[in-house]
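Undergrad: Could you look at this predicted model? Sequence included:
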There are 2 protein chains.
Amino acid sequence: MAKQKKPQRPKARRPRGFEDRPANILRAEWRLVQSAYAVYDSYGFEPLQTPAFEFADVLGKFLPDEDRPNTGVFALRDDDEQWLSLRYDLTAPLARYVAENFDALAKPFRRYQSGSVYRNEKPGPGRFREFVQCDADSVGAASSAADAEMIMIAADVMKAAGLTDGQYAIRVNNRKLLDGILEQSGVPNTDAGAEQRLKVLRAIDKLDRLGEDGVEALLGEGRKDDSGDYTEGAKLSASGIKAVLGFTVASDPDRGKTIANLEKLVGQSGRGNEGCQELTDIDALLNATGFGPDRVGFDTSIVRGLGYYTGPVFEAELLADIKDKKGRPVRIGSIGGGGRYDDLVSRFRGQPVPATGFSFGVSRFLSALERMDVMLSETQAPVMICAFDRNLMSEYFKMAAELRAHDIRAEVFVGSGNITKQMKYADRRGVKLAVLMGSDEYDAQTVTLKDLVLGAEMAKAISSNEEWKSSRPAQSTISRIDFVSEIKKALDA
Amino acid sequence: MAKQKKPQRPKARRPRGFEDRPANILRAEWRLVQSAYAVYDSYGFEPLQTPAFEFADVLGKFLPDEDRPNTGVFALRDDDEQWLSLRYDLTAPLARYVAENFDALAKPFRRYQSGSVYRNEKPGPGRFREFVQCDADSVGAASSAADAEMIMIAADVMKAAGLTDGQYAIRVNNRKLLDGILEQSGVPNTDAGAEQRLKVLRAIDKLDRLGEDGVEALLGEGRKDDSGDYTEGAKLSASGIKAVLGFTVASDPDRGKTIANLEKLVGQSGRGNEGCQELTDIDALLNATGFGPDRVGFDTSIVRGLGYYTGPVFEAELLADIKDKKGRPVRIGSIGGGGRYDDLVSRFRGQPVPATGFSFGVSRFLSALERMDVMLSETQAPVMICAFDRNLMSEYFKMAAELRAHDIRAEVFVGSGNITKQMKYADRRGVKLAVLMGSDEYDAQTVTLKDLVLGAEMAKAISSNEEWKSSRPAQSTISRIDFVSEIKKALDA
């Protein structure tokens, strides 16, 4: 007889950079996102959900110029040979949505959205290929009032997440200021100066890491790092370097003073003065609504990585004074931000469409909150009715239904295994209250209530097994008729 | 001078079968999903989110046997050449999750999940390539108590969605019954009989459309349809056909009577009697918890398309007696269902892992609810503070913040355009209350309140423009200091 071939079984595994999110993380994420949604709703924003796929050319930036599109996105060819890409953020799909429905939308169109975005990059600790972003954007409003609104929303989201004033700051800058200062230093405020401006932005972004000397080198001819690698500089003039360095330290805790400093720095630059006027307008609206300097500051060192910003930009920074397990201070830093991007919708329409927005990464924000011990309230584990006597399953189901009717989470153990196994299950599930009823108790119309949390604590304190058995701590017999109210009392205790 | 090349602009468009979901639809979906979540939570289930991508061989069914995997799924090759697929349902990823984390999970592992699934199929009306499913599953429990729980959950989700008893029914069957009846008729209850059993299931599924004669032909030699196409039959014996047809009409509104009928039909078949016993156990638990025959019935005509079910199966059916626009009766039918699938996790582990679940399509359920006029409550549009005088923007922002502090949605118009344009915006947004304040009013500390909904109604009733202008209906002047309480009153009215 031929030997029977062993069936090949697939191995249960996940692709790199894709994670499962279990209940405790997911519930915390939901609470965070719902808090943000409540803020967006209160400002009159409306939700939108765009699909996961977009045409590659619509997303832009990652156009398929060869057989396969550039890396960075997940892309595949549709059956009509067009390239489809999974969205890598929520802003590009929003721009497509607004352009596609332009005439039908009441403007400003103010929407919020959260959902998975996909990056086909090398995953690492805290870096995933699928992660959730949460965005609010306002399209069609050119005024600084729309920017002020986004900044206020960002501050209110921090508050709604459970942070107190002083634990966070929204730091606001304006791209036009640096444009103006560079214009004064001979960098033209046109496409011709774009590359030089980007180099300056990148240099400023390294201020924390390299210090003023390092940045000075990057603004000038260039810089050789410790490994010997050479980075070409922005090649500004000596006065240009001085002006840019002066700009990065122009901020003051007082927003009004910062504006006064900046007015001097931008001099006669039209674009620079526009930037100052916008900050002045934003300041007035923040003052009127009580967003003090403890919540929103003006900070000229804020850069924001993305090239597409055109005006006010801001970051939401967490400021907790906390230490890691080894006692070293933990820098929490930015968990989100945004700004004005007037060209993103325009690229579809060839006419100006102003836009401004705010975005944060949900798991990044959440892990920062956890490190700051800002814990969101937890969902109570269900009460567990043990399947002590299988002949009484109907009675157990009835008891669980009674608890649910009083808004108490409840489950009957529907798996297999004796009471020891059931207690292990309860322990792993974090169950606080277990209910036991055998046939004697059924006849007497009583139930036994076990407080598993209290029981575990007392078990530590009681030394002898004898003592434990005789006293049966954290266990009580209650009447079947008072069952729901006794459980309610025990849960509230 | 060379003529400047016109920049090529991308066209804002979506791939076929992918839809944007605007606020009204999205909010209704959220309410529906949140209602279902509340039910799952109350039974002690916990949420889980798995990623969008899985390895193709892990999802199974659609294995890449050539250069490209089979159609039906969206798949792409990862940089290490392994095929990744976007999930086409939430059950296959759950099976992978449980198999991957088997020892770490407390069992039964009872989770719920909703999220997008992807089908690379031809889209059509109501058929999308991305759509949202909402599932609850219980893995590791072999007992009928776990099935009863899923059935109760399905019924409670219908109720939580706003349906009243009588507007829906959960219809339960058991695959083992038909297995048993076919066994009696010479179809072996092994893999050898699998194809024949599937043909029988497909034939029964056509009872509504073809009637008893058509199904009889399909159970026997075969059937030629009106177009001349021939479908080969299951080739049952005459007594087998009689038994199967008798089975499909064995249900009674009384669950107990149905069981009695079935006990006669399955005769001595071990598998058939197992099926009867399971229904008996489920019936006892349903009776104990008050799930009467108006909510859950036993129905032997229920088939459920999927091949992987192994025991109890059920469908959630909507029963509204409604007519379409042309007065024809609308059949709403099944909006979801589920059942026991004991082999799905086992295929990874090579040992039995019992499982049972319930699933519904969110947009399918929602459109059914809409057709039945079961409307979920709507979110109130924000109060709009008009940007009447740009010099007063700070005051407008302050007023909006005051309203928000009292949990009233509010927005200042931050776009551009005069008051006529702003009123058009308010109208398109569904705004009920608009607030106007000019400099005179600011000096007098009053504001003008316009009820746009009432105004539109009255405009229909008032014939002359003169009369309209003189009476200014639906408009009132209120004191700035009473502003919030007056708005609250007007919104509640």
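TA: Sure thing, it's come through.
Undergrad: what stretches of chain A score poorly on pLDDT?
TA: A:1-7, A:61-71, A:305-307, A:324, A:329, A:375-377, A:462-473 (pLDDT under 70).
Undergrad: Provide a list of residues in contact with the spatially most central residue of it.
TA: Centroid check for chain A by CA atoms, centre = their mean gives residue A:362 as the closest residue, at 2.2 Å. By CB atoms under 8 Å, 6 or more residues apart in numbering or on different chains, the contact set of residue A:362 is A:29, A:32, A:33, A:114, A:131, A:132, A:133, A:134. Every residue, glycine included, has its C-beta placed from N, CA and C.
Undergrad: 7 Å - rerun?
TA: Taking CB atoms under 7 Å, 6 or more residues apart in numbering or on different chains, we find residue A:362 in contact with A:29, A:32, A:33, A:114, A:132, A:133, A:134.
Undergrad: which residues are in contact with stretch A:182-202?
TA: The contact list for stretch A:182-202 (CB under 7 Å, 6+ apart) reads A:178-179, A:219, A:234, A:236-237, A:239-240, A:243-244, A:267, A:269, A:271, A:303, A:307.
Undergrad: Can I have the buried ones of those as a PyMOL selection?
TA: Selection command for PyMOL covering only the buried members of these, criterion 16 or more other CB atoms under 10 Å in any protein chain shown:
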select buried, chain A and resi 178+179+219+234+236+240+243+244+269+271+303
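Undergrad: Closest one to chain B out of the contacts of stretch A:182-202, please.
TA: The shortest approach to chain B among those belongs to residue A:307, at 17.4 Å (CB to the nearest CB).
Undergrad: Just say helix, strand or coil for residue A:370.
TA: Following DSSP: H, G, I helix; E, B strand; the rest coil, we place residue A:370 in the helix state.
Undergrad: Please report how far it lies from residue A:335.
TA: Distance, residue A:370 to residue A:335, by CB to CB, to the nearest Å: 12 Å.
Undergrad: With residue A:185 instead?
TA: Going from residue A:185 to residue A:335 by CB to CB gives 33 Å.
Undergrad: cool, residue A:347 as well?
TA: Following CB to CB, the distance that separates residue A:347 from residue A:335 is 29 Å.
Undergrad: of the two, who's got more company?
TA: Taking neighbours as other CB atoms under 10 Å in any protein chain shown, residue A:347 and residue A:335 compare with residue A:335 leading, 21 against 16.
Undergrad: What is the burial count for residue A:435?
TA: If you count neighbours by other CB under 10 Å, residue A:435 ends up with 23.
Undergrad: Then residue A:114?
TA: 22.
Undergrad: can you confirm it is in a strand?
TA: Yes. Assigned with three-state DSSP, residue A:114 falls within a strand.
Undergrad: thinking it is in contact with residue A:131, fair?
TA: No. Counting by CB atoms under 7 Å, residue A:114 does not reach residue A:131; the two are 11.0 Å apart.
Undergrad: Just the C-alphas of stretch A:164-178, formatted as CSV.
TA: Extracted C-alpha coordinates of stretch A:164-178, given in CSV (Å, rounded to 0.1, in the frame of the first residue of the first chain):
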residue,chain,number,x,y,z
THR,A,164,-3.9,69.0,31.1
ASP,A,165,-2.6,72.5,30.0
GLY,A,166,1.1,72.4,30.4
GLN,A,167,1.4,68.8,29.3
TYR,A,168,1.2,69.8,25.7
ALA,A,169,1.8,72.8,23.4
ILE,A,170,0.8,73.7,19.9
ARG,A,171,3.8,75.4,18.3
VAL,A,172,3.0,77.6,15.3
ASN,A,173,5.3,78.9,12.6
ASN,A,174,4.7,80.3,9.1
ARG,A,175,6.6,79.3,6.0
LYS,A,176,6.2,82.8,4.6
LEU,A,177,8.4,84.2,7.3
LEU,A,178,11.5,82.2,6.2
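Undergrad: Quick one: distance of that stretch to the chain centre.
TA: 18 Å (CA atoms, centre = their mean, to the nearest Å).
Undergrad: Which one of the residues in the stretch 151-300 of chain A is closest to chain B?
TA: In the stretch 151-300 of chain A, no residue comes nearer to chain B than residue A:288, which is 3.6 Å away by CB to the nearest CB.
Undergrad: Not counting sequence-adjacent ones, nearest residue to that residue?
TA: Nearest non-adjacent residue to residue A:288, counting by CB to CB, 6 or more residues apart in numbering or on different chains: residue B:394, 3.6 Å away.
Undergrad: neighbours around the closest residue to chain B within the stretch 101-250 of chain A, how many?
TA: In the stretch 101-250 of chain A, the residue that lies nearest chain B is residue A:106 (3.8 Å; CB to the nearest CB). Here the number of neighbours of residue A:106 (other CB under 10 Å) works out to 16.
Undergrad: which residues touch it?
TA: Applying CB under 7 Å, 6+ apart, one finds that residue A:106 lies in contact with B:425, B:428, B:429.
Undergrad: One more: residue A:111?
TA: Residue A:111 makes contact with A:45, A:46, A:47, A:48, A:94, A:137, according to CB under 7 Å, 6+ apart.
Undergrad: The fourth one against residue A:113, yeah?
TA: Yes. Between residue A:48 and residue A:113 there is a contact at 5.2 Å, judged by CB under 7 Å.
Undergrad: rewinding a little: so what's the residue count around the residue nearest to residue A:288?
TA: Burial of residue B:394 is recorded as 17 neighbouring residues (other CB under 10 Å).
Undergrad: That one belongs to a helix?
TA: Yes. Counting by three-state DSSP, residue B:394 is found in a helix.
Undergrad: what does the helix or strand containing residue A:40 contact?
TA: Using DSSP states H and E, residue A:40 falls within helix A:23-42. With contacts defined as CB under 7 Å, 6+ apart, helix A:23-42 is touched by A:112, A:114, A:132, A:134, A:136, A:153, A:156-157, A:160-161, A:362-363, A:365-366, A:376, A:379, B:46-49, B:404, B:409.
Undergrad: In the stretch 251-400 of chain A, what residue spans correspond to strands?
TA: A:296-298, A:312-318, A:333-340, A:355-361, A:383-385 (DSSP state E, counting those that start in this stretch).
Undergrad: For the stretch 251-400 of chain A, which residues are neighbours of chain B?
TA: Neighbours of chain B within the stretch 251-400 of chain A, by CB under 7 Å from any CB of the partner chain: A:284-285, A:288-289, A:347-348, A:350, A:382, A:393-395, A:397-398.
Undergrad: hmm, try it at 6 Å
TA: Contact residues (CB under 6 Å from any CB of the partner chain) of the stretch 251-400 of chain A with chain B: A:284, A:285, A:288, A:289, A:348, A:350, A:382, A:393, A:394, A:397, A:398.
Undergrad: Surely the second one touches residue B:396?
TA: This points to residue A:285. No. Between residue A:285 and residue B:396 there is no contact under CB atoms under 6 Å: 9.0 Å.
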